[in-house]
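Colleague: Fold the stuff below for me.
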Amino acid sequence: MKILDKKIAVVTGSGRGIGKGHCVNLAKMGAAVVVNDIDLNQAQAVATQIQDEGGRASVCDANIAAREGAEQLIDHCRETYGRIDILVNNAGNLRDRSFLKMTDDEFDAVWQVHVKGTFWCSQIAAIAMREQGDGGAIVNTTSGAHFGSFGQTNYSAAKGAIASMTYTWALELARYGIRVNAIGPTGTTRMSDTYRDADGNEIQLPFIDPELNGPLVAWLCSDRAKTVSGQVFGCGGSRIAHMKQPRYGKTLVKDDGWECESIDQHLLSQLRGEFGALGMLGEPYPFHDGVLPTGS
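Modeller: Numbers count the residues shown, from 1 in each chain. As a prediction, the model looks like this:
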């Protein structure tokens, strides 16, 4: 018996790349999969591959960037298979631009898909899982970009929000047997084959098979992971890394409270060494000599 036998899964944005890999691996482990993508032809190609390999799959081109689309997607799953056990929030987009040049439309376009799409799909799916009464699994998609990523204010903010929603939903949904985790995947896709450095230069990244994230997602969605919730994992290629929840570090205490003079006396001498790597790529802290204007 496969670890996802009799489970029903929905994967958003899964016509290509990382999402396709999730679908293929969920199906390999026994789940029936709804392949969701606004490109219906791509979704059908993934579903056909799964069916040719002996799995079960259907397609839905609902646009989860609106609540109506999220409802349509979850309704399709329940009407087709009678229930929903697994939701993988994978759909995403990019509108990269440096902070001072980013427009409202560019910010909103990313926030709408990543944050609101994840919220809508998860809320609707979780209500259905609660009604079914036997639990379920939600896997969100965050990114190391929420540590800071040049030219990606919108994307970084969205991925940080998704990590925070993951922690919160894990606490709220546990009473219904619903586990909520997230991954920060790595893989070469149309969205992630290059990145821009702090000077705005486009850097080509080495190829990483995007489908290698799928096995972890399949495992997290299985009953084997029943003790895992509220966790974020970096994955892809050869690695699985536990991403630590943000937490307070070294703490200074002054019984009668702090004033500017005492802060100036103690803060840098005590905390300067705590200023670690900054940004998604873990660059050494760059501001020990000060932050000074270098030109427009």
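Colleague: Helices along the stretch 151-296 of the chain, start to end?
Modeller: With DSSP state H, counting those that start in this stretch as the criterion, the stretch 151-296 of the chain has helices at 153-173, 214-220, 260-271.
Colleague: now for these, which one comes closest to residue 294?
Modeller: Closest approach to residue 294 among those is made by helix 153-173 (20.2 Å; C-beta to C-beta). (C-beta placed from N, C-alpha, C; glycine too.)
Colleague: How far does that closest one sit from its chain's centre?
Modeller: Once both centres are worked out by C-alpha atoms, centre = their mean, to the nearest Å, helix 153-173 turns out to sit 8 Å from its chain's centre.
Colleague: And that helix, what does it pack against?
Modeller: Helix 153-173 makes packing contacts with helix 104-111, helix 117-132, strand 136-141, strand 178-185 when contacts are defined by 3 or more C-beta pairs under 8 Å, 6 or more residues apart in numbering; DSSP states H and E.
Colleague: what angle do the last one and helix 117-132 make?
Modeller: By that I understand strand 178-185. Angle of strand 178-185 versus helix 117-132, following axes from the mean of the first three to the mean of the last three C-alpha atoms, to 10 degrees, is 150 degrees.
Colleague: and what of the third one?
Modeller: Taking the same axes, to 10 degrees, one finds that strand 136-141 is oriented at 170 degrees with respect to helix 117-132.
Colleague: start at 867 instead
Modeller: Okay, using 867 as the starting number, the last item reads as strand 1002-1007.
Colleague: list the helices and strands strand 1002-1007 packs on?
Modeller: Counting by 3+ C-beta pairs under 8 Å, 6+ apart, strand 1002-1007 packs on strand 952-954, helix 983-998, helix 1019-1039, strand 1044-1051, helix 1080-1086.
Colleague: cutoff 6 Å now
Modeller: strand 952-954, helix 983-998, strand 1044-1051 (3 or more C-beta pairs under 6 Å, 6 or more residues apart in numbering; DSSP states H and E).
Colleague: likewise the longest one?
Modeller: Judged by 3+ C-beta pairs under 6 Å, 6+ apart, helix 983-998 is in contact with helix 933-947, strand 1002-1007.
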